[in-house]
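Student: give me coordinates for this.
(2 chains)
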Amino acid sequence: MSYLTKISLTTVGLCVAGFSAAVAAETKGPVTDDIGVVVIEPGAPILIGGYWALSGAEISLGLDQQRGVELALDAHEGTLLDHPVALVSEDSQCTAEGGQTAATRLATNTDILAVLGPDCSSSAAAAAPILWNAGMVSIGTSASSPTLTAADRPEGLQGFMRTMPNDLAQGLFDADYIYNVLKCDALASVHDGSPYTEQLVRSTNSRFTELGGKVVATEAVTPTDVDMRPMLTNIATAKPCTVYFPIFTAAGAQLIRQMPEIAGLENATPLAGSAMAAPGFLEAAGDAAVGLKFAKVDLESRGSAYPALLEAYVAKYGETPTEVFHANAYDAAQITLAAIEKVAQQDDDGVLYVGRKALRDALFATAGYEGVSGTVTCGPTGDCAEFKGAVYEWVDSDPSTFEIGKNPKKVYPES
Amino acid sequence: MEATADKSATPPAGGDLAGAPRARPGSGDGGMLGGLRKVKRFTFVDVVLWLLRIGVAFVVIGGAIGTLIKGRYEASQWVDFVVFGLTIGGVYALLALGYTMVYGILRQINFAHGDTMMAGAFSAYFAANYFKRNGMLESDAVIAMVVTVLVAMIVCTLVALTVERICYRPFRHVRSLAPLICAIGASFFIQHTFRAMYGSTVRSFPDTSWLNGDVSLLGGSMPVTQVLVIGSAAAAMLVLYLVVHKTRMGKAMRAVSEDRDAAAMMGIDINRVIVFTFTLGASMAGIGGILYMLVYKQVYFFMGFLPGIKAFTAAVLGGIGNIPGAMFGGIFLGLVESVGPALFLDGLGVPAPYQLKDAIAFTVLIMVLVFRPEGLLGERRAKRA
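Tutor: This is a model prediction of the structure:
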């Protein structure tokens, strides 16, 4: 190596080191933080970002969670540390592209402390790295794909956590239920290509095979599909005893409507996933919903404060919840506000300083928080929700009869 | 309705009838030199196109043979696939007619047409629910359904005429993309207006007892709904065909399609013809929306978008501007979507072939556009000087 080359490399190395040091730590007021410090002037709002499906076919999922967050802010009367708290919402459309756009818009607002959402794993996978690159921790409110919090997840997901249980646990539960309770040894699974449904199906299939069952068909639809008959006919040739479809409302409703028309599936038991646990599904599926079972987190294991939240929800929005994850979103907002309260420092002039890494670490250190969705305790990879599975069954197709425990009725495990 | 056709103006594809390239007059080329030129003319694009042909032929023929050898599907299941394809294809065809007629008259694509169908479907949903509540949907099903269809057709027509008045008429004599962009804007406007008015939840068209059960047909049985949908779609298309080919207004439509200025000079009221065309297309969309709901049951603000895109695809497949082409394109697309994944992909061992249903449909579109840009039933248009 020539002398000139050595000098050049040394210079470049020093520049990189100096730049990294400058970028890595920032000091503002009394706070020094490895990622950066957000300064909130007296009277200025504390900004919380949020992104969910606020348009398109899955809007009921996103709107429900946005409302959960709004109710959490209401519970604080819209203020924290003498600052108003404002929610900056973006539409992620339950797609990767939508998530990317929403995250990019949120990331440009450097005053945002943390971001709540999204509702869909496909959005989270694309968006969370963009947010974390901007130093913003994000808390998924119903994104449950295992890869988002896997031990070997990429650097971009180090700032992602969630108040929704991981699908790995759901997959184990679902497979056990199909094999041991339904006594079925031939499973057909349907996903819609989204990370959530695909990985849940993979997890369930894998466990089902371990238990000794055979996965006779794995099919895929798109969330906007309306004609499920050809795909179901394809499945019927494999003669399954259970058709497992943890997909979203619109496609799921079509599937359950059309399944009885298919020769060869008369004796197969349909089993849906958590997306069907909403009154919106009853509107979409009509009478075909009656008798449908779906597996999800045990809704009756929610915290004792949930009835009060439900009451506030109905009072504020004039309707029953459109989905069930508003409780997870509510808890995500609550732990975020608690973490901000914990790490924020105020100077003599009333200016508030929040370190971004300190906020991320405080959120990841959340333990034993008794939320409305259950106890929230975060693990090192960002999984914060406890999982207790249950199987529910719809007993009435009238959406106004929606009441967890009655319609849908819990059928497993028996209380 | 046909676009101006002049086959004599069509450039010969690939040389003369004997297959050899024509020697340039006076060049003295011929024989071996001609052969060399032929080789030189075999460009990179030709290679790509041939590879495409071979690839598609492999998937279609190889996949079909593989599937048939596997013997996974019984004959009754193939019949089911065809019936499913005819059902959705009938709906695509009805919608495609709206696209193709507007294109034939205005040379513009009405991208709000799918949402026009959605508007009609929503109105029909409310009408049907009203009849369900008072029991007429069961006791006087024919009257209830006729009124429901009329409501859908009227609402579709109102929406379509509003789109025509706002998005097309102001730009009729301007050569620009403004009407296209305006129609796309209208599409989003209609979607979100309905979302704002009726919410974003997916609603279910009321169930009726007379739609349950099967009909015995050709030694097999078919669900009543599908028989009704296929039959109604065929009847609606026949009526439209007769209107266009056997009435004075139909003749006027065809005249405007051929040459709008000449038609105006012959005393044809162009505005009236255009309004009639939009009305006819919207009525077909209204019927299509009801048939769609009878089979798929769901109503929501976004429901018109994808069927609209598919129907547009069907219109292009059949040859945009060509009415029988739109009908054929719709049915063809429905059949490809329904039968294609099982027939072509199963035999090649592709996992979960039905997730590639749309990929197959749009690959067919691309192939048609590459090798027959005028569509399956379209005719080549003369180049204007």
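Student: any idea how far A:Leu337 is from A:Glu77?
Tutor: 12 Å (CB to CB, to the nearest Å). C-beta coordinates here come from the backbone N, C-alpha and C atoms, glycine included.
Student: verify the stated contact: A:Tyr244 with A:Gly171.
Tutor: No. Contact criterion CB atoms under 8 Å: A:Tyr244 and A:Gly171 do not qualify, at 10.1 Å.
Student: okay, and the common contacts of those two?
Tutor: Counting by CB atoms under 8 Å, 6 or more residues apart in numbering or on different chains, the shared contacts of A:Tyr244 and A:Gly171 are A:201, A:204.
Student: between the two, which is the more surrounded one?
Tutor: Ranked by neighbour count (other CB atoms under 10 Å in any protein chain shown), A:Tyr244 and A:Gly171 place A:Tyr244 first, with 30 against 23.
Student: do stretch A:76-95 and chain B meet?
Tutor: No. Against chain B, stretch A:76-95 shows no contacts by CB under 8 Å from any CB of the partner chain, the least distance being 10.8 Å.
Student: show me the contacts for the residue in the stretch 301-415 of chain A positioned nearest to chain B.
Tutor: Residue of the stretch 301-415 of chain A nearest chain B, by CB to the nearest CB: A:Thr322 (6.8 Å). Contact analysis of A:Thr322 by CB under 8 Å, 6+ apart lists A:60-61, A:63-64, A:278-280, B:201.
Student: mind checking how far it is from B:Thr201?
Tutor: A:Thr322 sits 7 Å away from B:Thr201, going by CB to CB.
Student: identify the contacts common to the two.
Tutor: A:60, A:280.
Student: for the residue lying closest to A:Lys293 once chain neighbours are set aside, give the beta-bridge partners.
Tutor: Once flanking residues are discounted, A:Lys293 sits nearest to A:Glu393: 4.8 Å by CB to CB, 6 or more residues apart in numbering or on different chains. Beta-bridge pairing for A:Glu393 (DSSP bridges): A:Lys293, A:Lys409.
Student: spit out the contact partners of A:Asn205.
Tutor: A:175, A:187, A:189, A:215, A:218.
Student: near chain B, which of the residues you listed show up?
Tutor: The overlap between those and the neighbours of chain B (CB under 8 Å from any CB) comes to A:Thr218.
Student: so which of the contacts of A:Asn205 comes closest to chain B?
Tutor: Proximity of the contacts of A:Asn205 to chain B (CB to the nearest CB) peaks at A:Thr218, which lies at 5.9 Å.
Student: could you tell me which residues of chain A lie near chain B?
Tutor: So far as CB under 8 Å from any CB goes, chain A lies against chain B at A:55-57, A:59-60, A:63, A:193, A:218-222, A:224-227, A:229-231, A:233-234, A:236-237, A:249-250, A:253-254, A:257, A:261-263, A:280, A:283-287, A:322.
Student: tell me, how many residues neighbour A:Ala284?
Tutor: By other CB under 10 Å, the residues close to A:Ala284 number 30.
Student: ok, and what's touching the stretch of helix or strand it belongs to?
Tutor: Assigning secondary structure by DSSP states H and E places A:Ala284 in helix A:279-285. With contact meaning CB under 8 Å, 6+ apart, helix A:279-285 is reached by A:60, A:249-250, A:252-253, A:256-257, A:275, A:289, A:292, A:320-323, A:394, A:396-400, A:402, B:201-204, B:298.
Student: repeat that for stretch A:150-159.
Tutor: For stretch A:150-159, contacts defined as CB under 8 Å, 6+ apart pick out A:128-133, A:135-138, A:147-149, A:160, A:360, A:381-382.
Student: poorly predicted segments of the stretch 1-150 of chain A, please.
Tutor: Counting by pLDDT under 70, the stretch 1-150 of chain A contains low-confidence ranges at A:1-24, A:57.
Student: for it, what spans make up the helices?
Tutor: Secondary structure of the stretch 1-150 of chain A (DSSP state H, counting those that start in this stretch): helices at A:3-24, A:59-75, A:96-107, A:121-133.
Student: sorry, back to before: looking at A:Glu77 and A:Leu337, which is more packed in?
Tutor: Legend: neighbour count by other CB under 10 Å for A:Glu77 and A:Leu337, higher for A:Leu337 (21 against 9).
Student: now do the more buried one, the pLDDT please.
Tutor: Predicted confidence (pLDDT) for A:Leu337: 97.
Student: got the contact list for it?
Tutor: Each residue near A:Leu337 by CB under 8 Å, 6+ apart is listed here: A:72-73, A:76, A:80, A:85.
Student: what angle do the helix or strand harbouring it and helix A:59-75 make?
Tutor: Assigned by DSSP H and E, A:Leu337 belongs to helix A:326-343. Using axes from the mean of the first three to the mean of the last three CA atoms, to 10 degrees, the inter-axis angle of helix A:326-343 relative to helix A:59-75 is 40 degrees.
Student: would you mark the buried spots in the helix or strand that B:Gly104 is a member of?
Tutor: Per DSSP H and E: B:Gly104 is located in helix B:75-106. Judged by neighbour count (16 or more other CB atoms under 10 Å in any protein chain shown), helix B:75-106 contains these buried residues: B:77, B:80-81, B:83-106.
Student: same question for stretch B:299-314.
Tutor: B:299-305, B:307-314.
Student: with stretch B:164-182 instead?
Tutor: With burial defined by 16+ other CB under 10 Å, the residues of stretch B:164-182 counted as buried are B:164, B:166-168, B:171, B:179-180, B:182.
Student: circling back: which helix or which strand is home to the residue of the stretch 301-415 of chain A closest to chain B?
Tutor: Using DSSP H and E, A:Thr322 falls within no helix or strand.
Student: now do the phi/psi pair for it.
Tutor: Backbone torsions for A:Thr322, taken as degrees, to the nearest 10, come to phi -80, psi -20.
Student: give the burial count for the residue lying closest to it once chain neighbours are set aside, as a bare number.
Tutor: Once flanking residues are discounted, A:Thr322 sits nearest to A:Ser60: 3.9 Å by CB to CB, 6+ apart. Using other CB under 10 Å, the number of residues around A:Ser60 comes to 27.
Student: how close does A:Ser60 get to A:Pro279?
Tutor: Counting by CB to CB, the gap from A:Ser60 to A:Pro279 is 9 Å.
Student: equivalent analysis for B:Leu333, please.
Tutor: B:Leu333 sits 35 Å away from A:Pro279, going by CB to CB.
Student: ok, for B:Ala141, nearest residue in space, not its chain neighbours?
Tutor: B:Trp210 (5.5 Å).
Student: wait, that neighbour touches B:Val224, no?
Tutor: Yes. In this structure B:Trp210 lies within contact range of B:Val224 using CB under 8 Å: 7.3 Å.
Student: what subset of the contacts of stretch A:150-159 is buried?
Tutor: The buried subset of these (16+ other CB under 10 Å) comprises A:128-132, A:135-138, A:147-149, A:160, A:360, A:381-382.
Student: low pLDDT regions in chain B?
Tutor: Residues of chain B that meet the criterion pLDDT under 70 lie in B:1-40, B:218-220, B:379-385.
Student: how far away from the center of its chain is stretch A:203-222?
Tutor: A distance of 23 Å separates the centroid of the chain from that of stretch A:203-222, by CA atoms, centre = their mean, to the nearest Å.
Student: just stretch B:366-377 next, same as before
Tutor: Chain-centre distance of stretch B:366-377: 14 Å, with CA atoms, centre = their mean.
Student: buried residues, it. List them.
Tutor: B:368, B:374-377.
Student: what's that stretch in contact with?
Tutor: Contacts for stretch B:366-377 (CB under 8 Å, 6+ apart): B:49, B:52-53, B:56, B:316-320, B:322, B:324-325, B:328-329, B:332, B:378, B:380-381.
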